[in-house]
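Chemist: only geometry, no sequence info:
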């Protein structure tokens, strides 16, 4: 790349866009171009300090911490600054995902760029975003080494008498699609497996009319609380391919095969994320996304908390989206300017469930050239199509980057946010309730600071706050006059999303914005406003607990629907819930109603 091209490229991205023309020209003239092969390690975590600051020109670069990719960087993004400027070892391993090209700034030029106000501000934002990204990836990839044998049992065991014929036992196994059948003799349990049928009956020519007791073997037994990883070791030590899970009362819980235990790793969120990141095309991404339901069920079986499960699902959506963007750019060529991809709504709050819609938006840096919007319209269409193919419901109201209303320049986004504050009519309020929960997941254009700055001004706009307060009371919890649970007129139970999670999220958004708090997660918002003294501890605690209760019931309902072969939805018949769960749900709804009533000071009419 010649100096003119380097200058033009660097000038499109922060912090180089803030340099005076002569300094930018000097930086471009002093930068050297370096290419990296796919998989090549550029910087090593805890290795030699960086000798330059790298600006990605083409390709994609991974930041890896303790073996896990915590971020994927694209053109215009930088790395190496912390190590270069401090002289310390890199905090991440930096690795090329694709064939990539970087402009490398030597130390002296890097000091020129990053010692000024714009450079210092850029470094501060960069350090914070990467620290936060690392934390969220770590917390959204829970360790599944705590999964227990009982968690993996997915079907009841099948039994037969020891006197039945081998033929009849094999037929029973086939009818039940089971690889094993059990024979109980008092306290002893014997097992016949597919492998034994092949070895003893087919290979040795034993007549299938013999009693099954002639070919059964003593079963290896484990307790349901035994760790799955220890069960694997026990299975290997015994030289068997099945174990029987037996509870303390000597009742058989189920049978686990080697395939059940070997599949544990493929059902982990780590393995799924790695499959997404390494997918070579959209078809492979669709295949990887097909494993998300099984990962979800495994997380629930492992006892992972409902909000942590939502964080895992949100991270997987982020990763799928980022990979789809990479594939779209690889097909359409480099972007004409800096850009940012935003996720909105529940994904932005890291509260995504398998019953959630996907909502997203796009911002770009150059509003003047109409060709820029056409380019990003194509990219957004590719990504939207890919998300749909991966099985994610797209927002029914068209809140998608592929729609012109949700794809615009960064300057227009700031104007739109400000218009929501200054003129909070119905259309602006609808947009505010969606777009004010945003999070950037890809792109070098840093749109978060200017948009967050607008949100901090919301507390100075009483008309907006009144309308947000009214919106926070629009979705009433389904409680009757005497506090009993009310089902919908169509007989489809009650809606846990509309009656539970949405009103709490709306309440949390109102309290956060009315106090200048710009974080998005619902429970984090409630904690922040409580710590700021803007919400009493009892109400904040009740809403947090209510949110987790409703989300837990919602996720359990999703699991039931998945196992029944149905699409996850948000309706539940309260009559099917255990009494304690119904009581907890009722108390959660009462907490919502109480918090909504307190907003009557803002919306005296219509409560």
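Modeler: Structure's in. What do you need? For clarity, every value in this text was computed on a predicted model and none was experimentally measured. Residues are numbered from 1 along each chain as shown.
Chemist: What ranges in the stretch 351-500 of the chain fall below the confidence cut-off?
Modeler: The model of the stretch 351-500 of the chain has pLDDT under 70 over residues 489-491.
Chemist: Can you tell me the SS state at residue 569?
Modeler: When classified by DSSP: H, G, I helix; E, B strand; the rest coil, residue 569 comes out as coil.
Chemist: so what's it up against?
Modeler: Going by CB atoms under 8 Å, 6 or more residues apart in numbering, residue 569 touches 355, 557-558, 561. Quick note: C-beta positions are derived from backbone N, CA and C, even for glycine.
Chemist: For the strand or helix carrying residue 312, buried residues please.
Modeler: Take DSSP states H and E as the rule and residue 312 turns out to sit in helix 306-332. For helix 306-332, burial by neighbour count (16 or more other CB atoms under 10 Å) applies to 306-307, 309-329.
Chemist: same deal with stretch 273-283?
Modeler: Residues 273, 275-277, 279, 282 are the ones in stretch 273-283 that count as buried (16+ other CB under 10 Å).
Chemist: Give me the residues contacting it.
Modeler: 62, 69, 72, 97, 141, 284-285, 287-289, 291, 315-316, 319-320, 323-324, 327, 386, 389.
Chemist: the strands in the stretch 451-600 of the chain, which residues?
Modeler: Counting by DSSP state E, counting those that start in this stretch, the stretch 451-600 of the chain has strands at residues 494-495, 571-572.
Chemist: right, so the ones you listed: which one is the most enclosed?
Modeler: Mean neighbour count (mean count of other CB atoms under 10 Å) peaks for strand 571-572 among the strands of the stretch 451-600 of the chain, with a mean of 22.
Chemist: other SSEs contacting that strand?
Modeler: On a contact count with 3 or more CB pairs under 8 Å, 6 or more residues apart in numbering; DSSP states H and E, strand 571-572 meets strand 494-495, helix 537-563.
Chemist: which stretch in those has the least confidence?
Modeler: Note on the helices and strands packed on strand 571-572: strand 494-495 shows the lowest mean pLDDT, a mean of 92.
Chemist: how about the closest residue to residue 10 other than its chain neighbours, what does it touch?
Modeler: Counting by CB to CB, 6 or more residues apart in numbering, residue 10 lies nearest to residue 16, which is 4.1 Å off, once chain neighbours are set aside. Applying CB under 8 Å, 6+ apart to residue 16 gives the contacts 10, 24, 27, 55, 113.
Chemist: And those residues, which is closest to residue 473?
Modeler: residue 55 (49.1 Å; CB to CB).
Chemist: Now the closest one. Nearest residue, chain neighbours left out?
Modeler: Nearest non-adjacent residue to residue 55, counting by CB to CB, 6+ apart: residue 103, 4.5 Å away.
Chemist: If the one you found is in a bridge, with which residues?
Modeler: residue 33, residue 55 (DSSP bridges).
Chemist: Around it, count how many other residues there are.
Modeler: 23 (other CB atoms under 10 Å).
Chemist: Over to residue 566?
Modeler: 10.
Chemist: pLDDT wise, what is it at?
Modeler: 93.
Chemist: can you map out the strands along the stretch 201-350 of the chain?
Modeler: Under DSSP E, counting those that start in this stretch, the stretch 201-350 of the chain gives strands at 217-218, 221-222, 242-246, 252-257, 339-344.
Chemist: Please identify the deepest-packed of those strands.
Modeler: Among these, ranked by average contacts under mean count of other CB under 10 Å, first place goes to strand 339-344 (a mean of 25).
Chemist: and that one, which strands flank it?
Modeler: Here strand 339-344 is paired, per DSSP bridges, with strand 360-364 (antiparallel), strand 438-442 (antiparallel).
Chemist: From the rest of the structure, what touches that strand?
Modeler: Applying CB under 8 Å, 6+ apart, the contact partners of strand 339-344 are 317-318, 321-322, 325, 348, 359-365, 376, 383, 399, 401, 410, 434-435, 437-447.
Chemist: switch the cut-off to 6 Å
Modeler: The contact list for strand 339-344 (CB atoms under 6 Å, 6 or more residues apart in numbering) reads 359-364, 434, 438-443, 445, 447.
Chemist: One more: stretch 380-391?
Modeler: 282, 286, 289, 320, 324-325, 328, 358, 362, 394, 400-402, 407.
Chemist: closest to residue 226 among the residues you listed?
Modeler: Out of the contacts of stretch 380-391, the member with the shortest distance to residue 226 (by CB to CB) is residue 289, at 32.0 Å.
Chemist: which residues of the protein score low on pLDDT?
Modeler: 1, 66-67, 132-146, 229, 233, 236, 262-267, 489-491, 602-607.
Chemist: one more time with 50, if that's ok
Modeler: 605-607 (pLDDT under 50).
Chemist: can I see the domain layout of it?
Modeler: Using automatic domain parsing, the domain ranges for the chain come out as 3-139, 149-253, 265-456, 466-601.
Chemist: if we can go back for a sec, ok, of the contacts of residue 569, which one's closest to residue 574?
Modeler: Among the contacts of residue 569, and counting by CB to CB, the member closest to residue 574 is residue 557, at 11.2 Å.
Chemist: got a list of what that closest one touches?
Modeler: With CB under 6 Å, 6+ apart, residue 557 has these contacts: residue 572.
Chemist: Also residue 78?
Modeler: Residue 78 touches 53, 55, counting by CB under 6 Å, 6+ apart.
Chemist: now residue 93
Modeler: 44-45, 64.
Chemist: Filter those residues down to just the ones in strands.
Modeler: Those of those mapping onto strands are residue 64, per DSSP state E.
Chemist: Not counting its neighbours along the chain, what's nearest residue 261?
Modeler: The nearest residue in space to residue 261 (CB to CB, 6+ apart) is residue 232, at 5.0 Å.
Chemist: burial count for the one you found?
Modeler: 17.
Chemist: Please renumber the chain so that the first residue is 44 from this point on.
Modeler: All set: I'll call the first residue 44, so the last point we hit is now residue 275.
Chemist: Do I have it right that it meets residue 301?
Modeler: No - Residue 275 is not in contact with residue 301 according to CB atoms under 6 Å; the separation is 8.2 Å.
Chemist: For residue 148, what are phi and psi?
Modeler: Per-residue torsions, residue 148: phi -100, psi 120 (degrees, to the nearest 10).
Chemist: Burial check on it, number of neighbours?
Modeler: Around residue 148 there are 27 other residues, counting by other CB under 10 Å.
Chemist: picking that back up, out of the helices and strands packed on strand 614-615, which comes closest to residue 244?
Modeler: Of all these, helix 580-606 comes closest under CB to CB, at 33.6 Å.
Chemist: got the angle for the closest one vs helix 349-375?
Modeler: 60 degrees (axes from the mean of the first three to the mean of the last three CA atoms, to 10 degrees).
Chemist: May I see the buried residues of helix 580-606?
Modeler: For helix 580-606, the neighbour count (16+ other CB under 10 Å) marks 582-583, 585-587, 589-598, 600-602, 604-605 as buried.
Chemist: Ok, stretch 438-447 next?
Modeler: So, applying 16+ other CB under 10 Å, buried residues of stretch 438-447: 438, 442-446.
Chemist: Secondary structure and distance to residue 495 added to the residues you listed, as TSV?
Modeler: Listed next are the buried residues of stretch 438-447 as TSV, based on DSSP: H, G, I helix; E, B strand; the rest coil; distance: CB to CB, whole Å:
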residue	secondary structure	distance to residue 495
438	coil	23
442	coil	20
443	coil	23
444	coil	20
445	coil	25
446	coil	24
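Chemist: Turn the residues you listed into JSON lines, including distance to residue 235.
Modeler: Shown next, in JSON lines, are the buried residues of stretch 438-447 (distance: CB to CB, whole Å):
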{"residue": "438", "distance to residue 235": "52"}
{"residue": "442", "distance to residue 235": "56"}
{"residue": "443", "distance to residue 235": "54"}
{"residue": "444", "distance to residue 235": "56"}
{"residue": "445", "distance to residue 235": "56"}
{"residue": "446", "distance to residue 235": "59"}
